[in-house]
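Asks: this one's sequence-less:
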């Protein structure tokens, strides 16, 4: 009978059946405890530890354990999922039918957070165990032991001199799985109001909590960046710079919602925004689109000057709420979309999404000379200069502010910064797994800090608190007096388009609306899509009671995924192009049947398309059907 080493806190099992009865919290595994594995010669192995633990696992079967807050969910590739209580010890027994039953009782094996391991028989009397990025090969029958460091790592030492250190409890490494699929259509509720000088929005939708973004982690004796979006994670895994960035270490990205706003009566405005909405800003050369690659740089949205009326360069007002980079301090990022002629400069952002004049409500905590510019001020975090990587999803200190932001938002007083130099003077020495936010929140200034987000709340609906309903509230002066903002006036109408990014996606991987008309009691607009309600008073902080849906009616929109449906595609400029979807190997149709109508007065997206398949029939297919054909959110970027 062959033997090889595993350890009591991690295991692989394909299991079925419900979790056993909840007992008292089990131990997390004893440092230095030793285990061996017997090859049963039937494709399974029995793990036996000196504390009496005995379970059977399948050869090479990977399973993961996810922290749901007070419970843990063990999920295996065959679809099995078992949920057990926090810290509950469990064993697995062979059911004799190719499956295993997980039974939870005190004193067996404790499930650790977020770890996946595989064991492979090399058929040469050795076995290879892989846990995350750690790999160790041990000889048949070699005794080994495991020693923990008390934080998030452990070291396995074997009798043949083999030694490897593994890391526990990491957030998802570059991956594109694990989110709840919202589908190709997202319900999105809009309410609007205004008083004598302020405009108010409430935007409600289901999605992920999404209030973490990017971080700096000390590992292997050095600080490195952590975080990034799912598309760049996939391109990192594929080493494919035509799809995205290729240097991500982990997948962590905030969720966001935004509003593009246009005044169709202004001297300078986007001519057909009220007909075609944000499609006018989306181009083949923009980031993650078909004619873009990593070397090109960010290259965000822009409007072609030919699609503008007037001589100005501010094409659209952009109200941009960010789950991490503005949300915790009840602020939003005030931006605009620029009219410009696109010229690609490698490595630069040649697009037109710009920040308004002034300073943003966040800045970057850069690594300078090998160290972060800032860590936490321990006086604001109960004594910690950093939190541990294994505490990533549970720490309340997932964000940080400078002095100007410490008193802002519903969580105030907020954790704040201390310079790294001051921290080292005070005795701070980084240790393995230390983490600090890469973004520092602040009050901001000037036009860019015009928008507040007071009253925004997230209502969890899932057991782990990571999925629920966002109610984003935004407030801004009707007329800020700034040239980069649309001035709102009672008695007028405007065009708005709405957007949401969920589940660590960015750029084209989002949900968008068709353009909507917004009336501030405009007597000439008898049937607006969204009617803003006039309320008494003035100022941002006499907020409407949007829970009163009788007074403040809800406009239900259905947002959809546009995929690579660019302005060039819609107007027929791509008709001669050939793009191949790398996921399927099939050519993506580049002929838009309605392209000839794009220059016809009175034509619009809504004149040809509905959103849902259940909506009344339209001339063109509903967007829920068309979106997947255009490289929707779950498809890779087609490239030439």
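Replies: Okay, I see it. What you see is a predicted model; the values in this text were computed from it and never measured.

Asks: Check which element follows the helix or strand hosting residue 494 along the chain.
Replies: Using DSSP states H and E, residue 494 falls within strand 493-501. The helix or strand immediately downstream of strand 493-501 is strand 511-512, counting by DSSP H and E.

Asks: For that next one, which outside residues touch it?
Replies: With contact meaning C-beta atoms under 8 Å, 6 or more residues apart in numbering, strand 511-512 is reached by 182, 185-186, 188, 277-278, 497-502, 559-562. Heads up, the C-betas are built off the backbone N, CA and C, glycines and all.

Asks: State the pair within the residues you listed that is farthest apart.
Replies: 182 and 277 (20.3 Å; C-beta to C-beta).

Asks: Does residue 465 belong to a helix, a strand or coil?
Replies: coil (DSSP: H, G, I helix; E, B strand; the rest coil).

Asks: Phi, psi for it please.
Replies: phi 80, psi 10 (degrees, to the nearest 10).

Asks: Do I have it right that it meets residue 211?
Replies: No. Applying C-beta atoms under 8 Å, one finds residue 465 not in contact with residue 211, separated by 10.9 Å.

Asks: can you map out the helices along this protein?
Replies: 230-238, 273-276, 420-425, 567-570, 605-608, 623-629 (DSSP state H).

Asks: Tabulate the ones you listed in JSON lines, adding columns for distance to residue 220.
Replies: Shown next, in JSON lines, are the helices of the chain (distance: least, C-beta to C-beta, whole Å):
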{"stretch": "helix 230-238", "distance to residue 220": "18"}
{"stretch": "helix 273-276", "distance to residue 220": "50"}
{"stretch": "helix 420-425", "distance to residue 220": "18"}
{"stretch": "helix 567-570", "distance to residue 220": "45"}
{"stretch": "helix 605-608", "distance to residue 220": "51"}
{"stretch": "helix 623-629", "distance to residue 220": "41"}
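
Asks: and the nearest residue to residue 625 once chain neighbours are set aside, what does it touch?
Replies: Spatially, and ignoring its direct neighbours in sequence, residue 625 is nearest to residue 613 (6.1 Å; C-beta to C-beta, 6 or more residues apart in numbering). The contact partners of residue 613, taken as C-beta under 8 Å, 6+ apart, are 622, 624, 625.

Asks: just to revisit the earlier point, more neighbours: residue 182 and residue 277, which one.
Replies: residue 277 (28 against 20; other C-beta atoms under 10 Å).

Asks: and the closest residue to residue 544 other than its chain neighbours, how many residues sit next to it?
Replies: In space, and not counting its chain neighbours, residue 544 is closest to residue 193: 4.3 Å by C-beta to C-beta, 6+ apart. The tally of other residues near residue 193 (other C-beta under 10 Å) stands at 22.

Asks: Please report how far residue 193 lies from residue 354.
Replies: Distance, residue 193 to residue 354, by C-beta to C-beta, to the nearest Å: 28 Å.

Asks: Repeat that for residue 306.
Replies: For residue 306, the distance to residue 354 - C-beta to C-beta - is 20 Å.

Asks: swap in residue 213?
Replies: Distance of residue 213 to residue 354, given as C-beta to C-beta: 20 Å.

Asks: which one of the two has more residues nearby?
Replies: residue 213 (23 against 20).

Asks: isn't the more buried one right next to residue 325, touching?
Replies: Yes. Residue 213 lies in contact with residue 325 (C-beta under 8 Å); the separation is 6.1 Å.

Asks: Would you mind listing the residues touching both of the two?
Replies: Here residue 213 and residue 325 share the contacting residues 254, 439, scored by C-beta under 8 Å, 6+ apart.

Asks: Who's the closest spatial neighbour of the residue most central in space within the chain, skipping the chain neighbours?
Replies: By C-alpha atoms, centre = their mean, the chain has its centre lying nearest to residue 504, at 2.0 Å. Spatially, and ignoring its direct neighbours in sequence, residue 504 is nearest to residue 253 (4.0 Å; C-beta to C-beta, 6+ apart).

Asks: To what extent is that neighbour buried, counted in neighbours?
Replies: 25.

Asks: got the contact list for the residue lying closest to residue 403 once chain neighbours are set aside?
Replies: Leaving aside its chain neighbours, residue 403 sits nearest to residue 416 (6.4 Å; criterion: C-beta to C-beta, 6+ apart). Contacts for residue 416 (C-beta under 8 Å, 6+ apart) come out as 376, 377, 380, 400, 401, 402, 403, 405, 406.

Asks: Is the third one in contact with residue 412, as I believe?
Replies: Spelled out, that is residue 380. No. If you go by C-beta under 8 Å, residue 380 and residue 412 don't touch, sitting 10.6 Å apart.

Asks: tell me, what's touching these two both at once?
Replies: Counting by C-beta under 8 Å, 6+ apart, the residues touching both residue 380 and residue 412 are residue 406.

Asks: Please identify which of these two sits among more neighbours.
Replies: For residue 380 versus residue 412, neighbours defined as other C-beta under 10 Å are more numerous around residue 380 (18 against 13).

Asks: Going along the chain, name the strands of the stretch 301-450 of the chain.
Replies: Under the criterion DSSP state E, counting those that start in this stretch, the stretch 301-450 of the chain contains strands at 308-309, 314-322, 333-338, 353-355, 358-359, 362-364, 367-368, 371-372, 374-376, 387-388, 417-419, 434-437, 439-441, 445-446.

Asks: Can you add distance to residue 546 and mean pLDDT and give these back as CSV?
Replies: Converted to CSV, the strands of the stretch 301-450 of the chain look like this (distance: least, C-beta to C-beta, whole Å; pLDDT from 0 to 100):
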stretch, distance to residue 546, mean pLDDT
strand 308-309, 34, 90
strand 314-322, 15, 95
strand 333-338, 21, 94
strand 353-355, 28, 91
strand 358-359, 28, 96
strand 362-364, 26, 96
strand 367-368, 42, 96
strand 371-372, 40, 97
strand 374-376, 35, 97
strand 387-388, 35, 94
strand 417-419, 34, 97
strand 434-437, 31, 96
strand 439-441, 25, 97
strand 445-446, 28, 96
